[in-house]
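just need the structure, nothing else, for what follows:
(2 chains)
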Amino acid sequence: MEAVNKDIEIEKLKGSDHHSPLYEGMMRLRKNKIAIVGLVIVLFFVFVAIFANFLAPYDPTFPHTMPDNPNKYRALVEPSWAESGTIEFILGTDDIGRDILSRLIYGARVSMAVGFTAVSIAIFFGTLAGALAGYYGKKTDELIMRSMDILLTIPSLLLAIVIVTFLGPSLKNAMIAIGIIYIPRFARIVRGAVIEEKAKDYVQGARAIGAGDSRLIFIHILPNCMAPLIVQGTLAFAEAILEAAALSFLGLGAQPPTPEWGAMLSQGRSLILRAWWVMTFPGLMILFAVLGFNLFGDGLRDALDPRLRE
Amino acid sequence: MEPENEILFDIKGLKKHYSVKSAGFQSDLGVVKAVDGIDIQIKKGETLGLVGESGCGKSTLGRAILQLEVPDGGTIAYDDKELTDLYKTSFTQKFIRTLSLFFSKKTVEKMFGDNEEYKKLKYQIDIRKHIQVIFQDPFSSLNPRHTVGRIIGEGLMIHGLATKKDRIKKVRDLMDLVGLRPESYMSYPHEFSGGQRQRISVARALAMNPEFIVCDEPVSALDVSIQAQVINLLIDLQKRFNLTYLFISHDLSVVRYISDRVAVMYLGRIVELADNEELYNNPKHPYTKILLEAVPVPDTSKKRKKSGITGDIPSPLSPPEGCHFHPRCPEVMDICKKKVPQLIETNGHKVRCFLYDK
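Numbering: from 1, shown residues only, chains lettered A, B, ... in the order given. This is a model prediction of the structure:
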């Protein structure tokens, strides 16, 4: 206790700013090397997604044709380092002459959009459901959490397929489907955190002052449940990318010619023996994106979730 | 001295029972009678000390007064206004509460402005201005994500008691009043020590000019040297603002220092209630006697009687028949095991024991 006070004294002498607990968590994150690797990967993909139109050498949906014969595609050109490769197409072309590098770069945009939208939907509804269940308890809790349990009984990909077939196959519907299947996990996390926070004296104190339900939930309780939510959000982001790739692979997500990594995998599947590069690079992109988000999410958990600290 | 006898709170037959359920199958294990028929009056301007072992229901009583718990029976009258009526939540009230989750205050006011239930709900929140609380644990009683200024000023904001500019000024004044540096307005609670945090709690409670403050073991978590500072602060403020305190504690010496009257609780019932001096000099109930003997005395030359209390506090799930204290009582009689003694008053000294029931 004394040591802590001393630190605070020193901090005050330095005249440093006052920091919220979230900020201090971020400072701890900086010391975690693996998490920083994850963060770099995440930032790389976000950067690529945002600036795809500047970074990509070609239109991702444009089929390149032979200069001498416009009716013939420059299909399955090998990567530039291979014997017959050309510097024009660094990662080669696919079966109808589209530049794979450009497709991968635009694919990052699609994947980030999927992850962001799906996780946003899941966090919004999951947090609302979990907060109401945890705060009001009793019948409200039973009603909400049992319906979440029903959602959880169905394997997630299967449920996504059901929702997509119901809504019609498109990238937008895939995002909605993935968002829906991730609602229960957020609801559970938030419910647990809300129940824990609700019992704390500061909530009772705020109630004694006269704070209403909405103020207690949204201003006092929920901001203190952020840590597990951010962690789960990052991890779910990775899974959402994977799930979207799986749906697209099955033809239920992105429709051609959208440059989506899962769809690219699916299209290259038949060519795996003839043209390895068509399927390998999108696979690697999925791998790195998912890996990056997972590493970052794990690091965040270590930094923000006090129960796992030390 | 007429105003001294004015009654602020009149509590009659207050009950709060919790049913204990085993996890999973929800079968009832029994009922804990945390507060089991308490009659007590709190006078304006006094400090009523409330002592008892942990688990005897003293905090529950405090929380019922604060309207943080809905009592299962009995009445609480505040300044002659009945509070327990407010607890009966109707469907309309629940509906309004749900709506106000999603709509702004003004919209709800427009929709239900004339509704009786809405007025009740509003009154429920309004009355909280006058009744404030200071909690035991200075580490969990302040929102870790809010700055000190925001914590202290929140009540002013909720009740619309001050504009933003006024609020900042008022909060700074309050911080100065309780002995905090106004410069730490933007600090977070974790930057403070336990004693300072308790001062923040005091400032938060004072912000709305309350009449009454429930101090729920406000110094139990603090070092002895800090305890004295906080207690003296509370006494100063009481004189200055004419406050009434309910001072809950398990520390008899602290209660003796601050209280005008003291109530002793045992397993949900008040067993003795008397003026401060009277209770400490002339304890009547065997439980109070034993408690007072157990208080450490700094004088080593005095030999203490080593009677002590035998046995543990019984499980509140199945309290003993008759007088709850009889299994541990040194002066137990046959009648104690069968009948519940009543609270008997002689010269303002109330005691719940058959030894004095003639």
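
pLDDT weak spots in the chain?
In the absence of a named chain, chain A is used. A:1-22, A:305-310 (pLDDT under 70).

sorry, I should have been clearer: chain B.
Using pLDDT under 70, chain B drops low at B:1-5, B:22-28, B:86-89, B:297-312, B:357-358.

surely B:N143 is in a strand?
No. According to DSSP: H, G, I helix; E, B strand; the rest coil, B:N143 belongs to no strand; its state is coil.

any idea how many residues pack against the closest residue to it other than its chain neighbours?
In space, and not counting its chain neighbours, B:N143 is closest to A:Y202: 4.5 Å by C-beta to C-beta, 6 or more residues apart in numbering or on different chains. For every residue, glycine as well, the C-beta is placed using N, CA and C. As a burial measure, A:Y202 scores 25 neighbours (other C-beta atoms under 10 Å in any protein chain shown).

so A:Y202 is in contact with A:I219, correct?
No. Taking contacts as C-beta atoms under 8 Å, A:Y202 lies outside contact range of A:I219: 11.4 Å.

wasn't the residue nearest to B:N143 part of a helix?
Yes. The assignment for A:Y202 (three-state DSSP) places it in a helix.

which residue sits farthest out from the middle of chain A?
Distance from the centre of chain A peaks at A:D68, with 44.4 Å (C-alpha atoms, centre = their mean).

quickly note the distance from it to A:D59.
With distances taken as C-beta to C-beta, to the nearest Å, A:D68 is found 21 Å from A:D59.

just B:G74 next, same as before
78 Å.

do the same with B:P327
88 Å.

same check on A:D149?
47 Å.

what residues does the stretch 1-150 of chain B put near chain A?
For the stretch 1-150 of chain B, the residues in contact with chain A (C-beta under 8 Å from any C-beta of the partner chain) are B:63, B:66, B:68, B:97, B:100-102, B:125-126, B:128-129, B:131-133, B:135-137, B:140-145, B:147.

where's the residue farthest from the centre of chain A, which helix or strand?
Assessed by DSSP states H and E, A:D68 sits outside every helix and strand.

contacting residues around B:Q229?
Residues near B:Q229 by C-beta atoms under 8 Å, 6 or more residues apart in numbering or on different chains: B:G179, B:G195.

any idea how far apart the tips of stretch B:332-349 sit?
21 Å (C-alpha to C-alpha, to the nearest Å).

give me the distance from that stretch to the chain's centre.
The chain centroid and the centroid of stretch B:332-349 are separated by 25 Å under C-alpha atoms, centre = their mean, to the nearest Å.

just stretch A:241-257 next, same as before
So, by C-alpha atoms, centre = their mean, the centroid of stretch A:241-257 is 15 Å from its chain's centroid.

ok, residue 114 - how many residues close by?
Just so you know, I chose chain A. Using other C-beta under 10 Å: A:V114 sits among 29 other residues.

sorry, should have said chain B
7.

one more: A:A193?
Neighbours of A:A193 under the rule other C-beta under 10 Å: 22.

surely it touches A:P228?
Yes. Look at A:A193 against A:P228 with C-beta under 8 Å: they come within range, at 5.8 Å.

if we can go back for a sec, so which of A:D149 and A:D59 has more stuff around it?
A:D59 (15 against 11).

any idea how far the residue nearest to that one when sequence neighbours are not counted is from A:V290?
Once flanking residues are discounted, A:D59 sits nearest to A:S102: 6.9 Å by C-beta to C-beta, 6+ apart. Distance, A:S102 to A:V290, using C-beta to C-beta: 22 Å.

likewise for B:Q67?
51 Å.

shouldn't B:S140 be within a helix?
No. Counting by three-state DSSP, B:S140 is located in no helix; its state is coil.

what about the strands in chain B?
B:7-21, B:28-43, B:47-51, B:73-78, B:81-82, B:131-134, B:212-216, B:244-249, B:261-266, B:269-275, B:344-346, B:349-351 (DSSP state E).

Throw those strands into JSON lines and include distance to A:I183 and mean neighbour count, thanks.
Listed next are the strands of chain B as JSON lines, based on distance: least, C-beta to C-beta, whole Å; neighbours: other C-beta atoms under 10 Å in any protein chain shown:
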{"stretch": "strand B:7-21", "distance to A:I183": "28", "mean neighbour count": "16"}
{"stretch": "strand B:28-43", "distance to A:I183": "34", "mean neighbour count": "18"}
{"stretch": "strand B:47-51", "distance to A:I183": "46", "mean neighbour count": "26"}
{"stretch": "strand B:73-78", "distance to A:I183": "41", "mean neighbour count": "17"}
{"stretch": "strand B:81-82", "distance to A:I183": "44", "mean neighbour count": "11"}
{"stretch": "strand B:131-134", "distance to A:I183": "37", "mean neighbour count": "27"}
{"stretch": "strand B:212-216", "distance to A:I183": "39", "mean neighbour count": "25"}
{"stretch": "strand B:244-249", "distance to A:I183": "43", "mean neighbour count": "25"}
{"stretch": "strand B:261-266", "distance to A:I183": "47", "mean neighbour count": "25"}
{"stretch": "strand B:269-275", "distance to A:I183": "48", "mean neighbour count": "24"}
{"stretch": "strand B:344-346", "distance to A:I183": "61", "mean neighbour count": "13"}
{"stretch": "strand B:349-351", "distance to A:I183": "57", "mean neighbour count": "22"}
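
closest one to B:L317 among those strands?
strand B:28-43 (4.4 Å; C-beta to C-beta).

ok, now which ones touch the residue nearest the centre of chain B?
Residue closest to the average C-alpha location in chain B (C-alpha atoms, centre = their mean): B:G62, at 2.8 Å. Contacts for B:G62 (C-beta under 8 Å, 6+ apart) come out as B:L50, B:V133, B:V214, B:D216, B:L246, B:I248.

skipping its backbone neighbours, what lies nearest it in space?
Nearest to B:G62 is B:V214, by C-beta to C-beta, 6+ apart, at 4.5 Å.

beta partners for the one you found?
With DSSP bridges as the criterion, B:V214 is bridged to B:V133, B:L246.

which residues touch it?
B:V214 makes contact with B:G62, B:I65, B:L66, B:I131, B:Q132, B:V133, B:I134, B:Y245, B:L246, B:I248 under the criterion C-beta under 8 Å, 6+ apart.

now the last one: how far from B:Q227?
Distance of B:I248 to B:Q227, given as C-beta to C-beta: 15 Å.

likewise for A:R30?
The value you get for A:R30 to B:Q227, if C-beta to C-beta is used, is 40 Å.

go on, B:A274?
24 Å.

tell me where the stretch 201-350 of chain B has helices.
B:224-241, B:252-258, B:276-281, B:286-294 (DSSP state H, counting those that start in this stretch).

what parts of the stretch 201-310 of chain A come near chain B?
So the stretch 201-310 of chain A meets chain B at A:201-202, A:204-215, A:217, A:220, A:223-224 (C-beta under 8 Å from any C-beta).

among these, name the ones in helices.
Secondary structure from DSSP state H places A:D201, A:Y202, A:Q204, A:G205, A:A206, A:R207, A:A208, A:I209, A:D213, A:S214, A:R215 of these in helices.

most neighbours among the residues you listed, please name it.
A:G205 (27 neighbours).

separation between that one and A:S147?
Distance from A:G205 to A:S147, by C-beta to C-beta: 33 Å.

try A:F47
Where A:S147 is concerned, A:F47 sits at a distance of 39 Å (C-beta to C-beta).

who has more neighbours out of those two?
A direct count of neighbours by other C-beta under 10 Å for A:F47 and A:S147 places A:S147 higher, at 15 against 12.
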